[in-house]
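In: sequence isn't available, so here's the structure alone:
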């Protein structure tokens, strides 16, 4: 890089201490950890310490993954005292934060600065168990892309092959969630985009419509917004590496490269997570199910704005594969491996799985745990040529990877893990004889 006259990035042993020194320190002062809260709401208070020269930008409060609808009040703002070495301290309060149904909750406060550093604190509380559960409402937005008309342009360009089951995956997940009278929630608004409909304009327009429907419905902490993506995903190069979902109109002739050889697709032909800005202020729970290669780049190992966005908006992300892995699909299942296990979970297989109760209800926690444990084995069956759970021979040669190549290891990820155990959210009811 020096020889070519380019800037040399600082090493991690320089960058990490710099980021830590610039990060705000967040401390929740009320309710205290382990507190028992009566009623259906609680006040929240927090203190934010700001290092010298660091300016605050925003603070947010959450309960078990749901953004507090109440706006924070700045109670106190004490300047730094150089003589005593005391940093600048701000105190914030939220009044009447609604609690989701359930007994155990995780209260979190997130702070962001203009210098792009963040801080987070959390405490566990218990709520009055006599609060009647409210029937949740589900809002659904999905995109599936099988066809990439401009995905091939000769050996001088990257290749984006067509897929077989991405659209079917999106349709099947929608059908599994909207299981008629058996659904433990009311399906309020839904939109499924397929193939040519999946453009950046199509997605962002649908996201705005969904956000407006949520506001009209006055969503609360017991409601859930589910996003599902199936198609090709990559981790982009450039100054701010992040996960990108490839739209159907991607033209591979417009894909560039950064100095390290990482792909930089045209911004207008991919979905980044700032394309979901219309949904970020909704005070409900948010779940993203992402069946693409490299989807784990949305998790704790990711860099850049993607992770900050997900931390701030507390989207629970269940990703099909780690950030350096492919996502498999096979004619044996007629789905992606991740979606296959997800559909099994929603169909009742996750009820009572592992340490979870066999109570006739499939919850978010169970839906998360089932693919995490079962997808790696399904990928291993392909690699070994062993029979699939359905009894048919799994043909490794017929398996395609969502992103190219033939690496068969696939390990789903979930982020943020700390929130999931506190979300007692029903997603499917298991019929009993």
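Out: Yep, it's here. No experiment lies behind these values; they were computed from the predicted model shown.
In: every contact and neighbour count from this point should use C-alpha atoms.
Out: Noted.
In: and the residue lying farthest from the centre of the chain, what pLDDT?
Out: Ranking residues of the chain by C-alpha distance from their mean position (CA atoms, centre = their mean) puts residue 83 at the top, at 44.1 Å. Listed pLDDT for residue 83 reads 88.
In: same deal with residue 38?
Out: 87.
In: that one contacts residue 99, correct?
Out: No: using CA atoms under 8 Å, residue 38 is not in contact with residue 99, being 10.3 Å away.
In: what are the ranges of the helices in the stretch 151-300 of the chain?
Out: Remark: helices assigned in the stretch 151-300 of the chain by DSSP state H, counting those that start in this stretch are 166-177, 200-216.
In: show me what the first one is packed against.
Out: Yep, that's helix 166-177 we're talking about. strand 137-144, strand 186-194, strand 224-230, strand 335-336, helix 337-344 (3 or more CA pairs under 8 Å, 6 or more residues apart in numbering; DSSP states H and E).
In: rerun that using 7 Å as the cut-off
Out: strand 137-144, strand 224-230, helix 337-344 (3 or more CA pairs under 7 Å, 6 or more residues apart in numbering; DSSP states H and E).
In: what comes up buried for it?
Out: Buried positions in helix 166-177, judged by neighbour count with 16 or more other CA atoms under 10 Å: 166-174, 176-177.
In: using a markdown table, lay out the helices and strands packed on helix 166-177 together with mean pLDDT.
Out: Shown next, in a markdown table, are the helices and strands packed on helix 166-177 (pLDDT from 0 to 100):
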| stretch | mean pLDDT |
| --- | --- |
| strand 137-144 | 94 |
| strand 224-230 | 94 |
| helix 337-344 | 95 |
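In: residue 202 is nearest to which of the ones you listed?
Out: Comparing the helices and strands packed on helix 166-177 by their distance to residue 202 (CA to CA), the top pick is strand 137-144, with 9.9 Å.
In: centre of the chain versus that closest one, how much separation?
Out: Its chain's C-alpha centre lies 13 Å from the corresponding centre of strand 137-144 when counted by CA atoms, centre = their mean, to the nearest Å.
In: mind listing residues that contact it?
Out: Defining contact as CA atoms under 7 Å, 6 or more residues apart in numbering, one finds that strand 137-144 is touched by 166-167, 170, 185-195, 198, 223-231.
In: paired strands for that strand, with orientation please.
Out: strand 186-194 (parallel), strand 224-230 (parallel) (DSSP bridges).
In: any buried residues in stretch 176-195, and which?
Out: Under 16+ other CA under 10 Å, the buried positions of stretch 176-195 are 176-179, 183-185, 187, 189-195.
In: could you do stretch 248-259 as well?
Out: So, applying 16+ other CA under 10 Å, buried residues of stretch 248-259: 248-253, 256.
In: how about stretch 266-273?
Out: Buried, per 16+ other CA under 10 Å, within stretch 266-273: 269-273.
In: any idea of the mean pLDDT in that stretch?
Out: Stretch 266-273 comes out at a mean pLDDT of 90.
In: neighbouring contacts of that stretch?
Out: Stretch 266-273 is contacted from outside by 199-200, 243-247, 249-250, 254-255, 306, using CA under 7 Å, 6+ apart.
In: name the nearest residue to residue 34, ignoring sequence neighbours.
Out: Leaving aside its sequence neighbours, residue 34 sits nearest to residue 125 (CA to CA, 6 or more residues apart in numbering; 4.8 Å).
In: which among the helices of the stretch 151-300 of the chain is found nearest to residue 73?
Out: Nearest to residue 73, of the helices of the stretch 151-300 of the chain and by CA to CA, is helix 200-216 at 22.3 Å.
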